[in-house]
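**Student:** missing the sequence, but the structure's below:
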């Protein structure tokens, strides 16, 4: 006590101490709840995120949905421009020479641009104060997955596709997003629709080319009504027929390259004529608007609302999502006609009705994991050197999912023995490398949803070296879950 | 896995290409070499340098007490009062040939039982304000003549650059390929954390028994002993090269023996054995450069005098250090022995420090590089009051 200060008296001091203890306890629980919320609905806590969250996580999520909240600026170039340049590089003349030039162009011009965009996207995830929005963008991107495993054209177009067809539509309707996705040259290439030709179309009768069902099937199975959505093989083929003619303005070898090479183009000569029937509904003969109408119908089906609600509930609540969570979202989806802002607000409400419990429900994907560490540390300069090889080693090279179903969203996949081994190996090595520069105790305070007497916190304190402490933290069970 | 000599030489040749050969003085083979061996985790000094002559030793140490010289698996006698752990035979013979000195009760200037803070104190050479990022050795390098500091002059062996060498003066690092990322101690602690997570624990167990795990981590862990030796072999090789690095830092882990540390045999004993054979390997590799080599073995703190409830020891205060090399005046005990009687203990549980580790740095590094110790105390450590201990170094060095 300072000289001159009055002693408030013994009883008052004791009471003040007690309420401070209670306040400390409440603060600790608040802190833990905030960390869980940041991990489950955001991309992982930062040093300052706890106070931004406050006591009302749902409000925090809603605020991020507001227009004007920050969004990723994108790669800074359009897919059309990249495709155009790739067509130009392929050029004209001797086949072998063209291939060499194309390879060189891709290696020296395109790939560095792609990598730069991926790093930028990662760093945005690290620093954004609207992580819920970024989570949603990544969700939809995975829902409409395209994969570079198909080839360099899809690899080149993937990140731009995400920006142009997905992120640009987060505040619009599911129907608009679906339309932009199916029209996008990257998707048309990925699922082989660019070469699908109606058998009785002008081009179809002339050449020995035909229908490709791939895009139509995935639209039904993955993007809209889902595998239990009640569609038949006939439905797949009817949608495929309707989608013929949806293709890309190409650069043909030997001809002058058109200015709009690399953009969407409806080619009537390739389009299968006739009326179509999809899920017992009739669609009159038409051009581009025929498939368009079918897509709009699919977007508003109850099965679509249910399918997407299930995926959202799986993503934000649990691998086996509870019926109540699915219903909450499906109802809003259906009632609003697939209005994405309404759907996203419904997802935010899940934070209140289905808050994250003590953990062990949603396992982080490798990307989630690395972003969460970056957010906890506050910055990761030099991530360009290790990010892509690390993601590859952990089995999640960006835009390289093994199938159009995208990355799985369950612990059985990301927590497989091999996946876990890779993650632990990386974490322990990262601990050794960064142990002198990153304080594990401080990072643990930011990221660990446990009290300071929890097992991981104790292990950090008892570690034999900073490198070991950091390695143990990064490899610890709590950091693998969101 | 041990690297082939040829592979290693090819690697370091390219790393050290263009390094000038230092001039030599008559009777002295070449420019001085300095090596720091950091034992991370807090080595149990009382098990390594055994004060068997202290009357309270046997009672205080209980089951951890090492037998007297002459007993089966007793210590190697040094001077009638102190002995060395039975696994440290090669260190005992270095002591007898005056190439090794022991410091049985030393600590960094900042007394703390936190690994982080104590290691920082050790590496920074600071008593307070542990937020500097420049290690004492890096600061000390600035005092040596620039012309004698070619590329590759200072080198850390291992994956990362330890704090002691971090700073403005350039330093490189090198490690053998496929150095294990999971040492056995770290992995064990991690396993304990996974016990609390039923899903992940099951996955980890499956991983451990699966072929891919054996091919990866466990092999690295089984190879740990071999890879530990690889660093000492590399260090010896580098010391022995006329145009090799002049300053080496080597970290050795696995000293934080909280449980089941063992006595004359067991986990700590094996580690001490590896340290001892490592020093012998250094000497052998250094060859004719050993005469101009001075080295120090340090750890961030010692451990409790009495055993804890899990047959190990907890973090203590004073621990042991050793000075070694042809340039050292060995066969001596540095600093007063505080005693392990209950009345002599620090805070009732630890050995009381009688030597500040910075005194060792100043009293050996400075004469080794022909710098005035007082100048080093003021310039590098900002502390002119650091005690300079005489006669630790054979002063006739370049």
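**Tutor:** That came in fine, so what should we check first? In this text the structure is predicted, and so the values were computed from the model without any measurement.
**Student:** what's the neighbour count on residue 66?
**Tutor:** Because you didn't say which chain, this covers chain A. 11 (other Cβ atoms under 10 Å in any protein chain shown). Heads up, the C-betas are built off the backbone N, CA and C, glycines and all.
**Student:** chain B is the one I meant
**Tutor:** When neighbours are defined as other Cβ under 10 Å, residue B:66 has 25 of them.
**Student:** residue A:471 too?
**Tutor:** Residue A:471: 31 neighbours (other Cβ under 10 Å).
**Student:** pLDDT averaged over the strand or helix carrying it - what is it?
**Tutor:** If you go by DSSP states H and E, residue A:471 is part of helix A:466-475. What helix A:466-475 shows for mean pLDDT is 95.
**Student:** can it be said to contact chain B?
**Tutor:** Yes: with Cβ under 8 Å from any Cβ of the partner chain as the criterion, chain B is reached by helix A:466-475 at A:466-469, A:471-472, A:475.
**Student:** if we ignore the residues flanking it in sequence, what's nearest residue A:186?
**Tutor:** In space, and not counting its chain neighbours, residue A:186 is closest to residue A:157: 3.4 Å by Cβ to Cβ, 6 or more residues apart in numbering or on different chains.
**Student:** what's around that neighbour, how many residues?
**Tutor:** Counted with other Cβ under 10 Å, residue A:157 comes out at 29.
**Student:** my read: it touches residue A:194, true?
**Tutor:** No: taking Cβ atoms under 8 Å as the definition, residue A:157 is not a contact partner of residue A:194, at 11.7 Å.
**Student:** overlap of the contact sets of the two?
**Tutor:** In terms of Cβ atoms under 8 Å, 6 or more residues apart in numbering or on different chains, residue A:157 and residue A:194 are both contacted by the residues residue A:185.
**Student:** in a strand, residue B:140, correct?
**Tutor:** No: assessed with DSSP: H, G, I helix; E, B strand; the rest coil, residue B:140 is helix; it does not lie in a strand.
**Student:** ok, back up a step: contacting residues around the helix holding residue A:471?
**Tutor:** Against helix A:466-475 from outside (Cβ under 8 Å, 6+ apart): A:373, A:423-424, A:427-436, A:438-441, A:443-444, A:447-448, A:456, A:459-461, A:463, A:479, B:115-116, B:119, B:160, B:185-186, B:189-190, B:193, B:253.
**Student:** and the pLDDT at the residue positioned nearest the centre of chain A?
**Tutor:** For chain A, the residue nearest the mean C-alpha position is residue A:138 (1.7 Å; Cα atoms, centre = their mean). For residue A:138, the model assigns a pLDDT of 98.
**Student:** and what of residue B:130?
**Tutor:** pLDDT, residue B:130: 57.
**Student:** please apply the same query to residue A:20.
**Tutor:** In this model, residue A:20 carries a pLDDT of 60.
**Student:** could you do residue B:26 as well?
**Tutor:** 33.
**Student:** and residue B:23, by the same measure?
**Tutor:** pLDDT, residue B:23: 34.
**Student:** repeat for residue A:66
**Tutor:** At residue A:66, pLDDT is 86.
**Student:** residue A:184 is in contact with residue A:163, isn't it?
**Tutor:** No: counting by Cβ under 8 Å, residue A:184 sits too far from residue A:163 to count as a contact (10.5 Å).
**Student:** re the thing from before, got a list of what the residue nearest to residue A:186 touches?
**Tutor:** A:79, A:82-83, A:146, A:184-186, A:189.
**Student:** residue A:178 too?
**Tutor:** Contacts of residue A:178 (Cβ under 8 Å, 6+ apart): A:219, A:223-224, A:295, A:298-299.
**Student:** just give me the closest of those to residue B:362.
**Tutor:** residue A:223 (71.9 Å; Cβ to Cβ).
**Student:** looking at chain A, which helix or strand does the model trust least?
**Tutor:** Least confident helix or strand, chain A: helix A:10-41 with a mean of 70, by mean pLDDT, DSSP states H and E.
**Student:** after it, next one along is what?
**Tutor:** helix A:49-53.
**Student:** which positions in that following helix come out as buried?
**Tutor:** For helix A:49-53, the buried set under the neighbour-count rule, 16 or more other Cβ atoms under 10 Å in any protein chain shown, comprises A:49-50, A:53.
**Student:** again with stretch A:458-473
**Tutor:** Applying 16+ other Cβ under 10 Å to stretch A:458-473 flags A:459-473 as buried.
**Student:** in the chain, where is pLDDT below threshold?
**Tutor:** I went with chain A, as the question did not name one. Across chain A, the ranges flagged by pLDDT under 70 are A:1-28, A:92-93, A:208-209, A:252-255, A:358-360.
**Student:** please refer instead to chain B.
**Tutor:** For chain B, the stretches flagged by pLDDT under 70 are B:1-30, B:116, B:127-132, B:147-152, B:158-160, B:173-182, B:208-228, B:396-398.
**Student:** and the buried residues of stretch A:458-473, which is closest to chain B?
**Tutor:** For the buried residues of stretch A:458-473, the minimum distance to chain B (Cβ to the nearest Cβ) is 3.5 Å, reached by residue A:464.
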